[in-house]
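Enquirer: make a model of this:
(chains A and B)
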Amino acid sequence: MVRNTNRHFKFDWITIILFFLLVGFGWLNILSASHIGVTVDYFDFSQPFGKQLVFIFLTFGLVILLLAVDAKFYERFSSIIYIISMLSLVGLFIFGKNVNGATSWYGIGGMTIQPSEFAKTATALAVAKYVSDLNTNINTLKDQIQTFIIIIIPAILVLLQNDTGSTIVYGAFFFVLYREGLPKYYLTIGISILLLSILSLKFGALVATITALIFVIAFHFLSKIKLRVFQSVFILVAAIAVSFGVKFFYQSILQPHQQDRISLWLRLEKDPKKLEQMKRTFAYNLNESEKAISSGGFTGRGFMEGTRTTGKFVPEQHTDYIFSTVGEEWGFVGSALVVILFVLLLLRILHLAELQKSQFSRVYGYGVASIIFIHFFINIGMVMGLIPTIGIPLPMFSYGGSGLWAFTILIFIFVKLDSNRINEW
Amino acid sequence: MRQFLLFITIIAVGLLFIARLFYLQIYNSSGHDLYEDNAIRKVYDYPKRGFVYDRNGELLVANQPSYDVMVIPREVEPLDTLEFCELLKIDKSQFIKKYEKARHYSPRLPSVFVSHLSKEDYAVLQEKMRKFQGFYIQKRSLRDYETTIGANVLGDIGEVNNGDIRRDPYYKMGDLKGKQGIEASYEKTLRGVKGIKFIQKDRFNKNIGPYKGGKFDTIPEQGKDITITIDAQLQAYGELLMQNKRGGVIAIEPATGEILSMVAAPTYDPNLLVGRDRSKNFTKLYNDSIAKPLFNRSLQGVYEPGSPFKLMNALIALQEGVVTPEETVTCYAGYKYGNRFMKCHCHRGTRNDMIGGIQRSCNAYFATTYRKILDKNGNASEGIDNWSKHAQSFGLGNFLNNDLFVGQKGRIPDRAYYKTIYPNTFYSTYTISNAIGQGEVATTPIQLANMAAAIANRGYYFTPHIIKNIEGETLPEQFTQPKYTTIDRDNFEPVIEGMLQVYKKGTAASLQIKDIDICGKTGTVENFVKIDSVKTQLTDHSIFLAFAPKNNPKIAIAVFVENGYWGSRFAGRIASLMIEKHIKGHTTRKDMEDWLLRHTLENEYAKPFSGESFGINGYTTLQIVEEQEYYRLKKELNRINKAES
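Expert: The predicted structure is shown next:
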């Protein structure tokens, strides 16, 4: 065994630099979005920007701690970390603090901690551990179910706490499992259901059914993969069930505010008066954030110069809607830069994951990239009005200690694992 | 392949986001315009609108405060609606309706609840206002007319419409702007420039503080006071004489081109277009498509000028050297050309020289003269172009380029104009009606008055204008530089002599004023309308053109009275009286004054709409006004006379 003598320099500095660039730029925008009045006291710790500065400062300690721990620790203790994390989620039902309708916080002194942020990391570790086990074969139904259970437990727990956004994040693990050999038809089924649902909601169940019929018939006669007649019929029946079921799901299971969001996204509402009404009520945030981004133009209005940001026109701008500040004050140049930084970070992590010799590290790395990607996609997509409103933070950017630390842990465990890959064989 | 799914998805989403950013921020950007930014509150500081004075320094238009009760529905707290309604003089159902309307518009933004409270109501309401949370009083400035005359001169201000805002982004919703008259033509001078404060607000619509420390704020610039050339007394007198008639009167000071009075009849009280009833009254005036009180007949009324235009033909003939003043033409009670005949009032066999021709308004004389002008070089096409050029040098046939808000070109035809009717052959007889100011020739009262001024000046005129003085500014050169006509000074004397004889012993002999040598010319103009698509002749228009005194003229005037029959009957009387009023300051011909107040032409104006056949000219009887109306006019006359002394 060759010990790496110069291990400190084996950390992937590209990832680390990208991480801190995003954190730093994020803080500037939190400052802009949350300061009040004309003069700015950078160390006013009663304000979000001041608090975030403390969180960032503490992050350095956290990073050093995470990198100092032996790489094997994370793999060995992943099950225990997962169990502790799940218990902390269950504990919320007893000790939790309700903020904005979600029971997702522990209040300790003046601080609040959101365990669901950390649960993502724990789940990523647990999935990596389970999938990389020599006895696990993801192509068998039994192991698929077992993995699914690991993922679904935290997903259900956060859903019960009314935190729908965090539940959707667990969908990220699909990418991980697919990479590790999950059969292709899961992808086909998933995409089909999504498209059928959208088609059915937008144009009605009948259109969706007819579309499905055409596809199934075409597939049946033209594809190289020959299905038996009863298989095709079964697929068709399933498609019809989805087409009609989605209406039921939309109307009876979704809550009214969720219906509204989907209705706005798919432009289901045609009545201009009602649209106007929507813009004033639940779509107010989206409307204002789009306007703020749009007013930025090419170069933006300048740091701390955005009138909508200064006027606090976008509620929750320093948390979920932080990207609208980037849009208004830094314009197309700054916003595109943020998008590019995220893409670079994600691609870097993916690239490193593929280089891992240990399957645990690779699966975990994939988990990290997938989780960050889902946040990035949903958050920015939502702020720009591309997808329905789903409340999850933008990693490294949004205000919040739990979120920042959770992503720090998520990424730096991987940085640590990656630095150790030379020792694997 | 499996490892590429997420890889590709990430890159695709990155590109999608950048495309969306491109769409939002570059392709469809709402930009940096502070005025468009609804995060910035724009608070306007309206300057005082300039006052308007007449030529003698009499204040005509000032400002008055107006009080609107505004409401911000979200801030309204339970109140004693009964008391509130009583104070505002509305009932409860109106209250609910207005409140709902405001709330529907916006619960957060102020709406007008009740507009234009009277000063008395305001005084009472103001003390109790603190009891009504969510309501407040907004002060605005409206026009205050110190007079009831001159609506067509003064014009009015009204709220800007979307078109105004599009044309000039200076205006914002709710701003007031000159709509007619001098309010419109001197809008920029009178209004000043409003100041603006940019205030950063938050999403609750609360002010946070000045935007960028007030860097972009401006202070208002006061509107300037103006003095107009109108003599308010003469204007009032003219309007009085024109009551119950339709038409226009323009009086000009020849030495300066200043418009002394500009009467359009019928007119209206300018106070009608102020305050609470403005839109109601405006609609009423606007919809009167028969009397058309908003139609400024003195500027926009295009009439065939009739006999006064003979003066123009006389001048052109002298200038072109085709006649001498002494040359005579024998009138056979008309003029025969080809197999057609133009009638004349002269006795058969009258021999008219130029003075006699003008004095008796001889059609035969001017038909002959007109043909001589056109046929000078044996080519009527060339002749009419030359003739047209001379007439246009008096400002006829085109816009005068003055400072009045409305106008009409009138028409002085040339060969090109006749090209469609007479493409090939063209003889002087084809357009012989122009000889007597009928046919294709058309002028507005102000153009004719300007022609009178040019004759009075013996060859030049100043563009007629309404502005006398702007606080701290000099008048533009277009009003202070004389414009020369193409007629030599000497050629005016015979024509002026003829005009003098019109008064001494001609068609206006009955209108003489003691001690004033008036030079004038009557006009009696045939006119037609279409009734149910049948061309029908109406009673002739009564037209008069004059200036006085003969030497050193003080006033030039043109009077058009629609369907007033012959020239000296209505128009001549009005012209003589206004000349006397202007020169002497009082009138001596009380008989004429009284006659004008006594008689109305309303029955003439009703004829085309009666649906029955009717007689014209000689087959009409003059209508007398009712006693009550007569006394009202008489009282008005006394008031004017008293103000004068």
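Enquirer: the helix or strand containing residue B:630 packs against which elements?
Expert: Element membership for residue B:630, per DSSP states H and E: helix B:627-644. Judged by 3 or more Cβ pairs under 8 Å, 6 or more residues apart in numbering or on different chains; DSSP states H and E, helix B:627-644 is in contact with helix B:232-241, helix B:590-598. No exception for glycine: its C-beta is placed from N, CA and C like everyone else's.
Enquirer: just the element for residue B:251, please.
Expert: Take DSSP H and E as the rule and residue B:251 turns out to sit in strand B:247-253.
Enquirer: what of residue B:208?
Expert: strand B:207-210.
Enquirer: can I assume residue B:341 sits in a helix?
Expert: No. Residue B:341: not assigned to a helix; according to DSSP: H, G, I helix; E, B strand; the rest coil it is strand.
Enquirer: what angle sits between the strand holding residue B:251 and helix B:232-241?
Expert: For strand B:247-253 against helix B:232-241, the angle by axes from the mean of the first three to the mean of the last three Cα atoms, to 10 degrees is 160 degrees.
Enquirer: partner strands of the top strand by length along chain A, parallel or antiparallel?
Expert: When chain A is parsed with DSSP state E, its longest strand is strand A:102-108. Strand A:102-108 sits in its sheet next to strand A:97-99 (antiparallel), strand A:111-113 (antiparallel), going by DSSP bridges.
Enquirer: of those strands, which shows the lowest average pLDDT?
Expert: Lowest mean pLDDT of those: strand A:97-99, a mean of 77.
Enquirer: and the nearest residue to residue B:145 once chain neighbours are set aside, how close does it get to chain A?
Expert: Distance criterion Cβ to Cβ, 6 or more residues apart in numbering or on different chains; nearest residue to residue B:145, sequence neighbours excluded, is residue B:270 at 4.6 Å. Distance of residue B:270 to chain A, given as Cβ to the nearest Cβ, to the nearest Å: 41 Å.
Enquirer: pretty sure residue A:202 sits against residue A:268.
Expert: Yes. Between residue A:202 and residue A:268 there is a contact under Cβ atoms under 8 Å: 7.0 Å.
Enquirer: residues in contact with residue B:577?
Expert: When contacts are counted by Cβ atoms under 8 Å, 6 or more residues apart in numbering or on different chains, residue B:577 touches B:237, B:241, B:587, B:589, B:592-593, B:596.
Enquirer: ok, now residue A:392?
Expert: A:165-166, A:168-169, A:320, A:375, A:378-379.
Enquirer: hang on, the earlier thing: which of the strands paired with strand A:102-108 sits closest to residue B:580?
Expert: With Cβ to Cβ as the measure, strand A:97-99 is the member of those nearest residue B:580 (91.3 Å).
Enquirer: what comes into contact with that closest one?
Expert: A:103, A:105-107, A:112.
Enquirer: among those residues, which one has the most neighbours?
Expert: Highest neighbour count within the contacts of strand A:97-99, by other Cβ atoms under 10 Å in any protein chain shown: residue A:105, with 21 neighbours.
Enquirer: what's opposite that one in the beta bridge?
Expert: Here residue A:105 sits in beta bridges with residue A:97, as judged by DSSP bridges.
Enquirer: wait, it sits on residue A:111?
Expert: No. The pair residue A:105 / residue A:111 is not scored as a contact, 9.6 Å apart, by Cβ under 8 Å.
Enquirer: let's verify residue B:335: helix, strand, or coil?
Expert: Secondary structure, three-state DSSP: residue B:335 is strand.
Enquirer: so who does it touch?
Expert: B:341-342, B:344, B:363-364, B:367-368.
Enquirer: what domains does the record give for chain B?
Expert: Listed domain ranges for chain B are B:35-58+B:146-228, B:65-145, B:232-276+B:294-644 (source: automatic domain parsing).
Enquirer: near chain B, which residues of the stretch 201-350 of chain A show up?
Expert: Taking Cβ under 8 Å from any Cβ of the partner chain, the part of the stretch 201-350 of chain A that reaches chain B is made up of A:288, A:290-291, A:293-298, A:301, A:307-308, A:310-315, A:327, A:331-332, A:335-336, A:339-340, A:342-343, A:346-347, A:350.
Enquirer: helices - which of the residues you listed land there?
Expert: Counting by DSSP state H, those place A:288, A:290-291, A:293-295, A:307-308, A:310, A:327, A:331-332, A:335-336, A:339-340, A:342-343, A:346-347, A:350 in helices.
Enquirer: show the average pLDDT along the helix or strand harbouring residue B:152.
Expert: Element membership of residue B:152 [criterion: DSSP H and E] is helix B:151-154. On average, the pLDDT along helix B:151-154 is 92.
Enquirer: residues of the following helix or strand past that helix that come out buried?
Expert: As assigned by DSSP H and E, the chain's next helix or strand after helix B:151-154 is strand B:157-159. Using 16 or more other Cβ atoms under 10 Å in any protein chain shown as the test for burial, strand B:157-159 gives B:157-158.
Enquirer: re earlier: helices or strands up against the strand holding residue B:251?
Expert: Checked by 3+ Cβ pairs under 8 Å, 6+ apart, strand B:247-253 has helix B:232-241, strand B:258-265, helix B:297-300, helix B:445-456, strand B:555-561, helix B:571-584 packed alongside it.
Enquirer: pick the most buried one from the ones you listed.
Expert: Across the helices and strands packed on strand B:247-253, averaging neighbours per residue (mean count of other Cβ atoms under 10 Å in any protein chain shown) puts strand B:555-561 on top, at a mean of 31.
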